[in-house]
Each structure stands twice: as structure tokens, then as C-alpha cells.
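*Asks:* next come a sequence and a model predicted from it.
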Amino acid sequence: MKKSLLFLSFALLFLNSCSSDDTTSTDTIAVVVPSEGAVLQPAIGGPNQPNQVYVDLSTGKFETVNRASWDFGFSSGTDYRVILNGALKMAVKKLETSDMTLVQTIDTNVAVGAGTTLASNGYVDNPTGILTGDGAGLGTAIAEISATDADNKVYLVNLGYAISTEVPSVGSVSIDGASRGWKKVRILRSGSGYKIQYADLASTTFTEKAIAKDMDFNFTFFSLSAAKAVLVQPEKTNWDLNFTPFTNYLNFGTEVTYGYSDFIVSNRMGGTQLYQVLVADGGTYSAFTKANVVDANFSASTLDQRMIGANWRNGGGPSSLPSIKTDRFYVVKDALGNFYKLNFLAMTDDTGVRGNVTFEYALLK
């Protein structure tokens, strides 16, 4: 118990030094591949959840970035794929033209929301994190960028919502602020990288920027408001988990798009794998050892970044607040081949305020 409290105190000390502005901050606790367990509190930022937090289990390090600091992510892989900032509920619709000088109008159907937007409309990225697909809810919402310029159409872009500044009741969240408005965007190839064209809907001119691939990262991220590439994720093998609001699919008889808070995705592209263990099936967290790891159980996470997702918590309801699920924990294998067990301890602070997650984890050896 004393060791857990000691590690928690380390976490609290470096939590207080984390930045919540538009730049990425890096903080490290005095733990390297913790063999006896560590406790971390990612700096999500409270009930407005302003930050995306990237956690590297091998070092006990996390990096935070303001989730409104970027709009598009440009794949560094051999393909030419572009993702949206689902943490802001961005959505796009492909138009029939490749002419950026044409005036466009708002289409309010291009949005994220249960009961209003079918997943099959293809307005958002497939939440599994699989980039390939031919639309209709598969792959990225923006089609693969063609080597033939004329094939790359203009997209109507709903920029989603700014980060809310409203203070919600204790135990609740307030994620969405004011509408961020609309843009028209067209993306082309440029050498081994990309070129983005963007403008207001009524504009007959547009801004154009080149974006290079960087093979050390999964994506190069771009901010329309800053008109430049910005640092968001750590290098591709230097993080395992991302704590973030998230645009997901939800089945209401038909799959619709739906915004989640308190969501966690894994670094599938960087090689992180994981699976869930139910206590009823696999024993307790404290008793779990490396000998209990089932390698075959990792396979699903190679095709879906949502293996934790929102499964670690209860959603709450009219008469109950969200809470952690105590009947499960997770096994993580990082890109270096290390195995960890991971268990959630809290999703609020001591006063019940959301956006204050605490988890413990330990190296399995």
C-alpha cells in the first residue's frame, strides 16, 4: 500500500506541472518499466476534457495536447489517407466538384449525433482506426488521395465543436462548446507528401499548404487556424494509450455516429496490442501473472483500437452517475514486447469531478 501511495504522489507532482495550452507537454515520473506497480493520473483536464493524453507505459510518461489544436491527420504510411479530429465531432461530405473556387453551402446533415447521422453515410472515420475502405462508413471519411489530381474532390467540412467552458454538475461532463463553423477542403498529393487547399464556403479563393510525411510518426497533423503542421502524437512507438473524447459508432438497431467522453484508444498502428480480462474468467488483477497471458487474445486489437474504449466504465443513467467497472482489467503488450496488466481505480477526483482518471499498472515478467 505504501508503494502505491508513493507512486501516486509522484503522479500528482508531475500532474500539477502539465500544460493545457495548444502545445504538447512532456512529463516523466521516476518510474522506468515499473516491476512492482505504478499509479498514473493522465492530465485530461476535468469535466470539459480539453486534453488528449498519450501514455507510454514503458517509461511512465504521458504527453498532453489540447484537442482543439488540430483538424486533420495525414498518414505517414505508404498509403495517402487523411483522418478527422473526432475529438471535436468533425464530419465531412464529398462533393461532386474538384473546383475550390465554387461557393458552397452548409448541409446540417453532415454532423455527428445519435439518431441523426447514420454510420453508413461515411461522414466520419471508421472508429476501429482502420484507414482503408471504400466509404459508406468504412475506412477514412476522406477517400484515399489519388495520384490523379482531377479525382480528388472538394469536401464540405463541419469543423465540429470548440471545447466547452461550461461547468457541469458534479459527476457530469460538458464536452461541446460553440460550433467551430464550416470550411471547404481539397487534398492532393505533392511529391511523397500532401497538399491541402482550404477556404470559407463563400470564398472564391483558397489557401494552399504542403504537408510532408514523417515516418517516425503515425500521422502529420495540420491546424487550419494555425495554417501549419502541429505536433500531436508522440513518435509511433513511444505511446500505448490515448485518453480522449471520441467519435464512435453505436448500434441503435442501425449504426449511427455518437460522441463519447472518457474514451481510450490503443496505438494499434504503432504496435500496441491489448485485451480485456473479466475477473470471473481470468482471476483477480493482483493475482494475474505473465504465465496467465493468452497470446491469441491480442489478435482483435490489431484490427480495432477500441478494445478499452468505454468498456472500462458504466455509463450512468437518470438516477446514477458513471462509474468504473470493477469486474475487469486489461493486459497490454507494447511495441517493445513488454507485457503489462492495467486496472482502473477511478474516473473522478475525490470530490466527484469527472475527467480525473486514475489507473494502476505493472510490468509482467
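*Replies:* Cool, got the structure.
*Asks:* could I get the contacting residues of residue 83?
*Replies:* Contact criterion C-beta atoms under 8 Å, 6 or more residues apart in numbering gives 72, 73, 75, 125, 131, 140, 142, 219 as the residues in contact with residue 83. Heads up, the C-betas are built off the backbone N, CA and C, glycines and all.
*Asks:* cutoff 6 Å now
*Replies:* In this structure, residue 83 makes contact with 73, 125, 140, judged by C-beta atoms under 6 Å, 6 or more residues apart in numbering.
*Asks:* which element is it on?
*Replies:* Element membership for residue 83, per DSSP states H and E: strand 82-84.
*Asks:* average pLDDT for that strand?
*Replies:* Average pLDDT, strand 82-84: 98.
*Asks:* list the pairing partners of the helix or strand following that strand within its sheet, with orientation.
*Replies:* As assigned by DSSP H and E, the chain's next helix or strand after strand 82-84 is strand 91-94. Strands that pair with strand 91-94, judged by DSSP bridges, come out as strand 155-158 (antiparallel).
*Asks:* list of residues touching the partner strand?
*Replies:* By C-beta under 6 Å, 6+ apart, the surrounding residues in contact with strand 155-158 are 91, 92, 93, 94, 95, 104, 107, 110, 111, 182, 183, 185.
*Asks:* burial of residue 207, as a residue count?
*Replies:* Summarising burial for residue 207: neighbours were counted as other C-beta atoms under 10 Å, giving 12.
*Asks:* do the same with the one 10 residues further on
*Replies:* Residue 217 has 21 neighbouring residues, counting by other C-beta under 10 Å.
*Asks:* which among the contacts of strand 155-158 end up buried?
*Replies:* Neighbour-count burial (16 or more other C-beta atoms under 10 Å) applied to the contacts of strand 155-158 gives 91, 92, 93, 94, 95, 104, 110, 111, 182, 183, 185.
*Asks:* so what's the fifth one up against?
*Replies:* Contacts of residue 95 were listed using C-beta under 6 Å, 6+ apart, and they are 153, 154, 156.
*Asks:* picking that back up, would JSON lines of the buried ones among the contacts of strand 155-158 with pLDDT be doable?
*Replies:* JSON lines is the format used below for these (pLDDT from 0 to 100):
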{"residue": "91", "pLDDT": "98"}
{"residue": "92", "pLDDT": "98"}
{"residue": "93", "pLDDT": "98"}
{"residue": "94", "pLDDT": "98"}
{"residue": "95", "pLDDT": "98"}
{"residue": "104", "pLDDT": "98"}
{"residue": "110", "pLDDT": "97"}
{"residue": "111", "pLDDT": "97"}
{"residue": "182", "pLDDT": "98"}
{"residue": "183", "pLDDT": "98"}
{"residue": "185", "pLDDT": "99"}
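*Asks:* quick check: neighbours of the strand holding residue 83 in the sheet, parallel or antiparallel?
*Replies:* strand 72-75 (antiparallel).
*Asks:* now the partner strand: buried residues?
*Replies:* 72, 73, 74, 75.
*Asks:* next: stretch 156-171.
*Replies:* Neighbour-count burial for stretch 156-171 [16+ other C-beta under 10 Å]: 156, 157, 158, 159, 160, 161, 163, 164, 171.
*Asks:* neighbours of residue 343, how many?
*Replies:* So residue 343, with other C-beta under 10 Å, has 21 neighbours.
*Asks:* re the thing from before, can you lay out the contacts of strand 155-158 as TSV showing distance to residue 60?
*Replies:* Shown next, in TSV, are the contacts of strand 155-158 (distance: C-beta to C-beta, whole Å):
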residue	distance to residue 60
91	36
92	37
93	42
94	43
95	47
104	47
107	46
110	41
111	39
182	41
183	39
185	39
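*Asks:* between those residues, which sits nearest residue 294?
*Replies:* residue 91 (38.2 Å; C-beta to C-beta).
*Asks:* related to what we said a few turns ago, okay, the contacts of residue 83 in TSV with distance to residue 362 and pLDDT next?
*Replies:* Formatted as TSV, the entries for the contacts of residue 83 read as follows, by distance: C-beta to C-beta, whole Å; pLDDT from 0 to 100:
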residue	distance to residue 362	pLDDT
73	32	98
125	33	98
140	36	98
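*Asks:* now, which of these sits nearest residue 253?
*Replies:* Nearest to residue 253 among those: residue 125, at 22.4 Å, using C-beta to C-beta.
*Asks:* show me the contacts for the closest one.
*Replies:* When the contact criterion is C-beta under 6 Å, 6+ apart, the partners of residue 125 are 83, 84, 140, 141.
*Asks:* let's see it at 10 Å
*Replies:* 73, 81-86, 90-92, 131, 133, 137-142, 247 (C-beta atoms under 10 Å, 6 or more residues apart in numbering).
*Asks:* which stretches of the stretch 251-365 of the chain form strands?
*Replies:* In order along the chain, the stretch 251-365 of the chain carries the following strands (DSSP state E, counting those that start in this stretch): 255-266, 273-278, 313-314, 323-324, 328-333, 339-348, 354-364.
*Asks:* relative to residue 206, which of the ones you listed is closest?
*Replies:* Among the strands of the stretch 251-365 of the chain, strand 255-266 comes nearest to residue 206, with 27.7 Å by C-beta to C-beta.
*Asks:* span of stretch 284-299 from start to end?
*Replies:* Distances were taken as C-alpha to C-alpha, to the nearest Å; on that basis the terminal residues of stretch 284-299 are 22 Å apart.
*Asks:* which of the residues in that stretch are buried?
*Replies:* Neighbour-count burial for stretch 284-299, with 16+ other C-beta under 10 Å as criterion, is recorded at 285, 288, 293, 297, 298.
*Asks:* how is this protein partitioned into domains?
*Replies:* Taking automatic domain parsing as the criterion, the chain consists of the domains 2-67+264-364, 72-230.
*Asks:* now tabulate these in TSV and tack on distance to residue 254.
*Replies:* What follows is these, written out as TSV (distance: least, C-beta to C-beta, whole Å):
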stretch	distance to residue 254
domain 2-67+264-364	19
domain 72-230	6
